[in-house]
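# generate coordinates for the sequence data below:
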Amino acid sequence: MYNFLSFNTFITQDILIFFYYIGALLVPFLLYKYKNKFITNRSFFIKLENKPKILLTFLGILLLLELFWRMIFEAMIGYFDMHEYLYEIATHIQRQSL
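The predicted structure follows:
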């Protein structure tokens, strides 16, 4: 029970990967769903006027959002791996000192 309360086994890579894929599928869907709202409310998109330019802009935004999402989760997985390794080292050193 102590490991669960001290976050030693609470978050695993499987959970992070699961939420990564939920977000990776949800971001394009939401971007497509709200594209008309973005186009009508932003003067940047009104200046583009040309449909291929608008599609390329949204594709660029989508790629940047996906890259950003991936980097966030890669950093969290790396952080939790470092935490696990440091925890193992600390418990090993603590056992040796006893």
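# CA atoms for contacts and neighbours, from now on please.
OK.
# spatially central residue in the chain, please.
residue 69 (3.4 Å; C-alpha atoms, centre = their mean).
# which ones are touching that residue?
With contact taken as C-alpha atoms under 8 Å, 6 or more residues apart in numbering, residue 69 is in contact with 20, 23, 24.
# what helix or strand is it located in?
Using DSSP states H and E, residue 69 sits in helix 51-97.
# what about that helix, distance to the chain center?
Helix 51-97 sits 7 Å away from the centroid of its parent chain (C-alpha atoms, centre = their mean, to the nearest Å).
# measure residue 27 to residue 80 for me?
24 Å (C-alpha to C-alpha, to the nearest Å).
# try residue 91
16 Å.
# those two: which is more packed in?
Legend: neighbour count by other C-alpha atoms under 10 Å for residue 91 and residue 80, higher for residue 80 (16 against 12).
# how much space separates the more buried one from residue 33?
Separation of residue 80 from residue 33 (C-alpha to C-alpha): 34 Å.
# same question for residue 69.
Where residue 33 is concerned, residue 69 sits at a distance of 19 Å (C-alpha to C-alpha).
# in stretch 49-56, what's buried?
Residues of stretch 49-56 classed as buried by neighbour count (16 or more other C-alpha atoms under 10 Å): residue 54.
# and that stretch, how far out from the chain middle?
28 Å.
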